[in-house]
Structures are given as structure tokens and as C-alpha cells.
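> Sequence and predicted structure, then a few things I'm wondering about:
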Amino acid sequence: MKAAEKNNLPASADRERLSTWARYHTGLCDTCRATCCTMPVEVKIDDLIRMEILSEFDRQEPLKKLAKQLKKQGIIDHFNFKNGVFTLSRMANDDCLYLDSTSRRCTIYSQRPDTCRNHPHVGPRPGYCPFQPR
């Protein structure tokens, strides 16, 4: 019997295979290695302002210009001009830039983007998360 099964925890998920994801329940994050924080995060300008990466004054700038600056700073990897959506950069190990590598907790939790605020209720498999035990 796997250790996860003994403790009534779901088995470790494969982030790329949605069928292996665990049904989300309150408290699941307490024992997870923050696998969701290794997935691409799409953000909009409101998120970037809340995260204090941009200011309200930046809202007046063309998004394409902001995207170029943010990419140069290493904050974003991609910008979808059609939808006005930026994709945050990740570290070499796929961790979010704002994930503490020791505690596996978000360093900007109160300012986190809507994508993170709404996970796992929305996303690739609503109601499920890519749980991997610590």
C-alpha cells in the first residue's frame, strides 16, 4: 500500500495527465508540493497592477509596449495581443517566480493573480488539482 493511500491522500498526479488529478477538497494544499504553481499562469493587466509589477499609470500604455518591457525584465514569457493576456515566466524547474522553494508557498498570496485565486474551480479540469505529496 502506498504511503498516500495509508493517510487517505490521493496518489501523486502527473501534471500533464488530467485523468490523474485529485478531486480538490479543503486542506489538500497543506500536504501538496504546490504542483499547480508549476503550471503556466495567465494574467491580465489588473493582475499585474495588483501584484505591484505595474502601476495604474501603466494602464494607459499600449499593452504591446508593456509586454516588451516585462519580457525584457524576465517577468513574462509570452503575450497574447488578441486577448490581452500575459503568461508569467517560470524558473528553470518550472516553479512560478513567486513560489518560495523551501516552504512551497506563494510569496505574494494576498496579491496573487485571478488565475491562482480561482484554481482549482476553473482551469483545465475544474474541481481537480495536480496533487503531489510533499
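Right, received. Where do you want to start? Predicted model, so just to flag it, every value in this text is computed and none were measured.
> Just give the number of residues close to Lys64.
Number of residues near Lys64 (other C-beta atoms under 10 Å) recorded here: 9. C-beta: built from backbone N, CA, C; applies to glycine.
> I'd assumed it was in a strand, is it?
No: counting by DSSP: H, G, I helix; E, B strand; the rest coil, Lys64 falls outside a strand, being helix.
> That one touches Gly84, doesn't it?
No: contact criterion C-beta atoms under 8 Å: Lys64 and Gly84 do not qualify, at 10.0 Å.
> I'd say Ala67 and Ile76 touch.
Yes: at 6.5 Å, Ala67 counts as touching Ile76 under the criterion of C-beta under 8 Å.
> For those two, list the residues in contact with both.
Phe86 (C-beta atoms under 8 Å, 6 or more residues apart in numbering).
> Tell me which stretches of this structure form helices.
Secondary structure of the chain (DSSP state H): helices at 3-6, 45-50, 63-72, 114-117.
> In a markdown table, list those along with mean pLDDT and distance to Arg104.
Converted to a markdown table, the helices of the chain look like this (pLDDT from 0 to 100; distance: least, C-beta to C-beta, whole Å):
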| stretch | mean pLDDT | distance to Arg104 |
| --- | --- | --- |
| helix 3-6 | 44 | 17 |
| helix 45-50 | 98 | 21 |
| helix 63-72 | 97 | 25 |
| helix 114-117 | 96 | 14 |
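> Out of the ones you listed, flag the one nearest Arg134.
With respect to Arg134, and counting by C-beta to C-beta, the nearest of the helices of the chain is helix 3-6 at 11.0 Å.
> Report pLDDT for Lys44.
We have a pLDDT of 97 for Lys44.
> Tell me how far it lies from Arg104.
Per C-beta to C-beta, to the nearest Å, Lys44 is found 26 Å from Arg104.
> what do you get for Tyr24?
Relative to Arg104, and taking C-beta to C-beta, Tyr24 is found at 17 Å.
> Before I go, just wanted to say thanks for your time.
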